[in-house]
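>>> Can you look at this prediction? I've put the sequence above it.
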Amino acid sequence: QVQLVESGGGLVQAGGSLKLSCAASGRAFTGYAMAWFRQPPGKEREFVAFIGWNPGSSYYSDSVKGRFTISRDSAKNTIYLQMNILKPEDTAVYYCAAGRSPQTLGTGTSLYGTWGQGTQVTVSS
């Protein structure tokens, strides 16, 4: 059974940093794009960042560009989200996701077929 398990969430003050991890088990996601989404309280799930199989093909939402960095360690079947200069509006449950096919590369939730259970990130002001 394919599983994605996030870790690294927590409570941090505004201006601080956190690093999220997402470990895949069950199969390797070699050749698949991976992404991070988040769901703020009372709002819909929104795109944060994706990274293609080629590490150069990453893309960020405007709200996190310049503050967050997505990366992957294919040998460990793990992706990361380094979050710096955190703001209260970054408070959300963060989810990692794997593309439905090797051709998947985009920002829509429907493009991703495997999801983790989420990890809570809370940024206090």
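Structure's in. What do you need?
>>> which residues sit in contact with the residue most central in space within the chain?
Central residue of the chain (C-alpha atoms, centre = their mean): W36, 2.1 Å from the mean position. Residues in contact with W36 (C-beta atoms under 8 Å, 6 or more residues apart in numbering) are L20, C22, V48, A49, F50, I70, I79, L81, Y94, Y95, C96, A97. Bear in mind the C-beta positions are built from the backbone N, C-alpha and C, glycine included.
>>> pLDDT weak spots in this structure?
1, 54-56 (pLDDT under 70).
>>> Which positions within stretch 6-19 qualify as buried?
Within stretch 6-19, the residues that qualify as buried are E6, G8, G9, V12, L18, counting by 16 or more other C-beta atoms under 10 Å.
>>> cool, and stretch 115-125?
Using 16+ other C-beta under 10 Å as the test for burial, stretch 115-125 gives W115, G116, G118, T119, V121, T122, V123.
>>> partners of the residue nearest to the centre of the chain in the sheet?
A49, C96 (DSSP bridges).
>>> That one and S125, how far apart?
Per C-beta to C-beta, to the nearest Å, W36 is found 23 Å from S125.
>>> same deal with G10?
Applying C-beta to C-beta to G10 and S125 gives a distance of 16 Å.
>>> Do a quick rundown of the strands in the protein.
Listed in chain order, the strands of the chain (DSSP state E) span residues 3-7, 10-13, 18-25, 34-39, 46-51, 58-60, 68-73, 78-83, 92-99, 112-115, 119-124.
>>> so can I have JSON lines of those strands showing distance to G106?
Formatted as JSON lines, the strands of the chain follow (distance: least, C-beta to C-beta, whole Å):
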{"stretch": "strand 3-7", "distance to G106": "18"}
{"stretch": "strand 10-13", "distance to G106": "29"}
{"stretch": "strand 18-25", "distance to G106": "18"}
{"stretch": "strand 34-39", "distance to G106": "9"}
{"stretch": "strand 46-51", "distance to G106": "7"}
{"stretch": "strand 58-60", "distance to G106": "9"}
{"stretch": "strand 68-73", "distance to G106": "14"}
{"stretch": "strand 78-83", "distance to G106": "16"}
{"stretch": "strand 92-99", "distance to G106": "9"}
{"stretch": "strand 112-115", "distance to G106": "9"}
{"stretch": "strand 119-124", "distance to G106": "23"}
